[in-house]
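# Need a 3D model of the sequence below.
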Amino acid sequence: MELKKDNNNLYDQFLKYSYSELKELFDNAKTKEEQDFYMNMANLVLQREQRRVIKEMHV
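Got it, this is the predicted structure:
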């Protein structure tokens, strides 16, 4: 599979979502698999925020 080289890759799109937006997508998901996907993405957002806070604490 060849990936398209455009300005908006999947990671860039993911970075635009907040935890609350991902939670809303989770709430509106039609399948368990879709819920799992959005919950995993929300967990990544929380982990990123945790790393930021921990880094600020050590400054």
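# okay, CA-based contacts and neighbour counts for the rest of this
OK.
# mind listing what's buried in the helix of greatest length in the chain?
In the chain, taking DSSP state H as the definition, the longest helix is helix 32-57. By 16 or more other C-alpha atoms under 10 Å, the buried positions in helix 32-57 come out as Q35, F37, Y38, M39, M41, A42, V45.
# which residues touch the most centrally placed residue in the chain?
Per C-alpha atoms, centre = their mean, the C-alpha nearest to the average position across the chain is that of M41, at 3.6 Å. Residues counted as contacts of M41 (C-alpha atoms under 8 Å, 6 or more residues apart in numbering) are F14, L22.
# any idea how far L15 is from it?
10 Å (C-alpha to C-alpha, to the nearest Å).
# Next: E21.
Taking C-alpha to C-alpha, one finds E21 at 11 Å from L15.
# Likewise for E56?
Computed as C-alpha to C-alpha, the E56 to L15 distance reads 20 Å.
# Any stretches of the chain with poor pLDDT?
1-8, 59 (pLDDT under 70).
# ok, back up a step: can you tell me which of the buried residues of helix 32-57 is closest to N28?
Q35 (8.3 Å; C-alpha to C-alpha).
# I figured the closest one hits E24, correct?
No: contact criterion C-alpha atoms under 8 Å: Q35 and E24 do not qualify, at 10.3 Å.
# Keeping just the C-alphas, turn stretch 22-33 into PDB.
Taking C-alpha atoms only, stretch 22-33 is exported to PDB below (Å, rounded to 0.1, in the frame of the first residue of the first chain):
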ATOM      1  CA  LEU A  22     -12.800  11.900  21.200                       C
ATOM      2  CA  LYS A  23     -15.100  11.200  24.100                       C
ATOM      3  CA  GLU A  24     -18.000  12.500  22.000                       C
ATOM      4  CA  LEU A  25     -17.000  10.300  19.100                       C
ATOM      5  CA  PHE A  26     -16.800   7.400  21.500                       C
ATOM      6  CA  ASP A  27     -20.300   8.100  22.800                       C
ATOM      7  CA  ASN A  28     -21.700   8.200  19.200                       C
ATOM      8  CA  ALA A  29     -19.800   5.100  18.000                       C
ATOM      9  CA  LYS A  30     -21.900   2.400  16.400                       C
ATOM     10  CA  THR A  31     -19.800  -0.600  17.200                       C
ATOM     11  CA  LYS A  32     -17.700  -1.900  20.100                       C
ATOM     12  CA  GLU A  33     -14.700  -1.800  17.800                       C
END
